[in-house]
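Visitor: the amino acid sequence is not available; the structure is as follows:
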């Protein structure tokens, strides 16, 4: 029998992050030959956005999709994504991510 996982996302189905979450769920299902299935709960239908990290930490859900800046109260490095005009192009954003990545991982 397949393990059933739940993945809340705060965004609606038309938003790119949620579409990526659905693709991720499909990849996991295919990659595990159906042993793990992930139900994506979009639009904050299962857990509200600010509560997703806590829901994952406490085991209420197995994984979740969030805007990384919401984690800023746990470590300042997560706030880098919230600074207006810090990255004004794709290349700037890529450099910013590369600078933050070691601390985030």
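Guide: The structure has been received and is ready for your questions. On a predicted model such as this, the values are computed, not experimentally measured, just so you know.

Visitor: C-alpha only now, for contacts and for neighbours.
Guide: Fine.

Visitor: need the phi and psi values for residue 62.
Guide: Main-chain dihedrals, residue 62, degrees, to the nearest 10: phi -80, psi -30.

Visitor: right, and it touches residue 54 too?
Guide: No: using Cα atoms under 8 Å, residue 62 is not in contact with residue 54; the gap is 11.0 Å.

Visitor: residue nearest the centroid of this protein?
Guide: By Cα atoms, centre = their mean, the chain has its centre lying nearest to residue 65, at 2.3 Å.

Visitor: show me where this protein has strands.
Guide: Using DSSP state E, the strands of the chain run over 3-8, 36-41.

Visitor: quick one: closest of those strands to residue 93.
Guide: Nearest to residue 93, of all those, is strand 3-8, at 25.6 Å by Cα to Cα.

Visitor: return the residues in contact with residue 1.
Guide: Residues in contact with residue 1 (Cα atoms under 8 Å, 6 or more residues apart in numbering) are residue 35.

Visitor: quick check: the gap between it and residue 55.
Guide: Separation of residue 1 from residue 55 (Cα to Cα, to the nearest Å): 24 Å.

Visitor: need the strands of the chain in JSON lines with mean pLDDT, can you?
Guide: Formatted as JSON lines, these follow (pLDDT from 0 to 100):
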{"stretch": "strand 3-8", "mean pLDDT": "98"}
{"stretch": "strand 36-41", "mean pLDDT": "98"}
